[in-house]
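1. for reference, the sequence and a predicted model appear below.
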Amino acid sequence: MTTETRETVTGSGIAPGVAQGILRFFAPVAEGTRGSAATGEPETEIERFAQHVGSLIEDLREMVARLGEDSASPGADILRSHILLLEGSSLRSRVEETIRSSSLAAEAAVEHAIEEIVRVFEGSGNPVLVERAPDLRDLAIQLRQRLAGQQPSLLAGLPQDPSESILATRELLPSLVLEAHTRGVRGFVVDRGTPLSHGAILAQSFDLPVLRVPRLEALWSLDGSRVLLDADRGELLVEPAAADLEPRLTEAAPVVVPDPEPSPLARVWLNVMDPAQLVGVDWTGVEGVGLYRTEMLFLGGRSGMPSEEEQARAYRNLFERCAPGRATVRTLDIGGDKALPYFSLGPQDNPALGLRAHRIYRFHPEILITQVRAILRAATGFPALRLLFPMIECVEEWRFVQGLVDQAVDSLAAEGVAFQERFERGVLVETPSAVWSFPRLLEAADFASIGTNDLIQYLFAVDRSNPNVLRTYGPEHPVVLQVLDALARDAKKAGKPLAICGKAGTDLTLLPVLIGLGITDLSVPINRAQAVRARLAALGPRECRRVARECLRAKAPDEVLELLGRPGPPKGPDAASHRGAEWMDPVCGMAVHADGNPLSTVRHGRQFYFCSRECLDAFLRQPADLTNQTK
Ligand code: PEP
Ligand code: MG
């Protein structure tokens, strides 16, 4: 083992965790297909295509049944969505049309048709539609492999045994993750995708960390190297030194919580985006679901809002999987960075400050009324329902939203439909105005949760998705701690529980401070819950209060981190960009656009992009061996 880590590549984690292994580059391309060869016999090609679609659907059904049995993952639901895509008429008719009009072989027609649909998805500007593109590419590869008579395995082309490797691949195709998981792959490095992609959701469910780097090509020379992938800190350590390796692996080691009882310090809840994530979950010491983000139901390849019936089915799924625990359903938080392709939000020069969540209901109250009706109907017989309302800025907005909830209740009662009449109403604190309104909001709300992801964004006026402005974006900032302190005091006075459901709640170092300030509930991603419980088990209330008092006196985030014994975050802009066409200017370190950026040059076969002529010139003046973008 070396005494110094050879190189550190920075990126952003899109599925959390830490793993070590050998870095292996891999491109799951269907080899040996007939490309664009014309066949002249369209009907034969259409017949071949139909046969292979049928056999793929059959195999997917079998896999769904297997996954359902061993309750391993949300994989079954994701594969079901693939079956729906294959069964639907639009893909089929597009391929058939291509075969007829261009006399192409079925393999080439599949490629053309799917690429066309992918282009529409990617051009939509909708992050979730963009994230469905890999699902389509996945199906294209599988169909082409079958049409070419190849073994249907995405990893078949990998020369070495993939077990214990870290796969570097352009994007996470869901079937690749499923296969890689069964063959012992330990993690992934990609340069496309976000935590919303099905591949990332699957990887997370298998506890496989995923790191997104700016450019995969920049790592080619590292193929075969021993690496430590630390998606939690957004780093890939090449030939890591023991001193760097051990603390991170210990932190990430599977946690054993000796005490099955809930902690007396705080209740732990789960965050989910999809009820399918709850299959096979370890509920030990967990209270229930503290945040169900319902947006996924409204996104993902749809052409309109889900009906009340369709929504009710999804919510029933959640309640069945959650019982006897409690379930907190957050009403739709659409807008901001989550736009619906089928619903215009009008001119939005500044989406984070524009139409979002209940602001949309001023124009379309039926959206919330339908959702609440669906939730209440689905919760019939499920007594532990909590509704959580996002982005509430002040008492008037709370009242407006509750008025719509009451309308939903009244309409169900008038129709004589069975529904859950008893439920709690919670306020999600995400804006500075909500902080100032908190005592009054608490007079009406049964519980409160703090959305630290948005609250920090609005406190500091920094766009949470802009990697160049994230320096102040951190829960350890004394400003954030003071705000949390004020909120906790208000909640205590009102005798109401106060949760954190943003990312800050998963920060194990900060946990004693949060507890010491008076946070009573933590809602965290499924794969963080037992680690949070283990940390809570090691804490005492007096020590937490002492640490919190000291941290409140700090003047800067570095001081807080020092008090907590953790080094500060790496300096320089965070590479945590979720946009496909950005990476770092190697001179100033700013994340810059690649698409349409004329300030660019190629060195060592790699393309570099710049913010300005000055940086480009400075780069060109540097000796070639000093230009290392992966630093
Ligand atoms: C938050 O803002 O902290 C939160 C939980 O909501 P989201 O991340 O979905 O905006
Ligand atoms: Mg939020």
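-> That came in fine, so what should we check first? Ligands and ions are numbered 1, 2, ... in the order given.

2. domain map for this protein?
-> Listed domain ranges for the chain are 7-27+154-251, 42-147, 254-564, 582-630 (source: automatic domain parsing).

3. got the buried residues for the host helix or strand of Cys551?
-> Using DSSP states H and E, the element containing Cys551 is helix 541-553. By 16 or more other Cβ atoms under 10 Å, the buried positions in helix 541-553 come out as Cys544, Arg545, Val547, Ala548, Cys551, Leu552. Every residue, glycine included, has its C-beta placed from N, CA and C.

4. Pro174 against Arg132, yeah?
-> No. Under the criterion of Cβ atoms under 8 Å, Pro174 is not in contact with Arg132, lying 10.4 Å apart.

5. common neighbours of those two, please.
-> Counting by Cβ atoms under 8 Å, 6 or more residues apart in numbering, the shared contacts of Pro174 and Arg132 are His198.

6. and for the helix holding Cys551, what are the contacting residues?
-> So helix 541-553 is contacted by 265, 478, 481-482, 485, 512-517, 560, 563-564 (Cβ under 8 Å, 6+ apart).

7. in strands, which of those fall?
-> Applying DSSP state E to those, no entry is found in strands.

8. among those residues, which ones are buried?
-> The neighbour-count criterion (16+ other Cβ under 10 Å) marks Leu265, Pro478, Leu481, Asp485, Pro512, Val513, Leu514, Ile515, Gly516, Leu517, Val560, Leu564 among these as buried.

9. which one among the residues you listed gets closest to Leu60?
-> Leu514 (43.1 Å; Cβ to Cβ).

10. quick one: contacts for that closest one?
-> Taking Cβ under 8 Å, 6+ apart as the test, what Leu514 contacts is Ala266, Leu484, Ile500, Ala504, Gly505, Leu522, Ala548.

11. one more time with 7 Å, if that's ok
-> Neighbour list for Leu514: Ile500 [criterion: Cβ atoms under 7 Å, 6 or more residues apart in numbering].

12. quick one: pLDDT of it?
-> Looking at Leu514, its pLDDT reads 98.

13. kindly provide the distance from it to Lys503.
-> Distance, Leu514 to Lys503, using Cβ to Cβ, to the nearest Å: 12 Å.

14. let me have the contacts of helix 541-553 in JSON lines, extended by distance to Ile14.
-> As requested, the contacts of helix 541-553 are exported to JSON lines (distance: Cβ to Cβ, whole Å):
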{"residue": "Leu265", "distance to Ile14": "30"}
{"residue": "Pro478", "distance to Ile14": "29"}
{"residue": "Leu481", "distance to Ile14": "28"}
{"residue": "Gln482", "distance to Ile14": "31"}
{"residue": "Asp485", "distance to Ile14": "32"}
{"residue": "Pro512", "distance to Ile14": "28"}
{"residue": "Val513", "distance to Ile14": "27"}
{"residue": "Leu514", "distance to Ile14": "25"}
{"residue": "Ile515", "distance to Ile14": "29"}
{"residue": "Gly516", "distance to Ile14": "31"}
{"residue": "Leu517", "distance to Ile14": "30"}
{"residue": "Val560", "distance to Ile14": "27"}
{"residue": "Leu563", "distance to Ile14": "30"}
{"residue": "Leu564", "distance to Ile14": "26"}
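
15. ligand 1: which of those residues is nearest?
-> Distance to ligand 1, by Cβ to the nearest ligand atom, is smallest for Leu514 among those, at 13.6 Å.

16. give me the distance between that closest one and Ala554.
-> 15 Å.

17. with Gly290 instead?
-> Distance from Gly290 to Ala554, counting by Cβ to Cβ: 28 Å.
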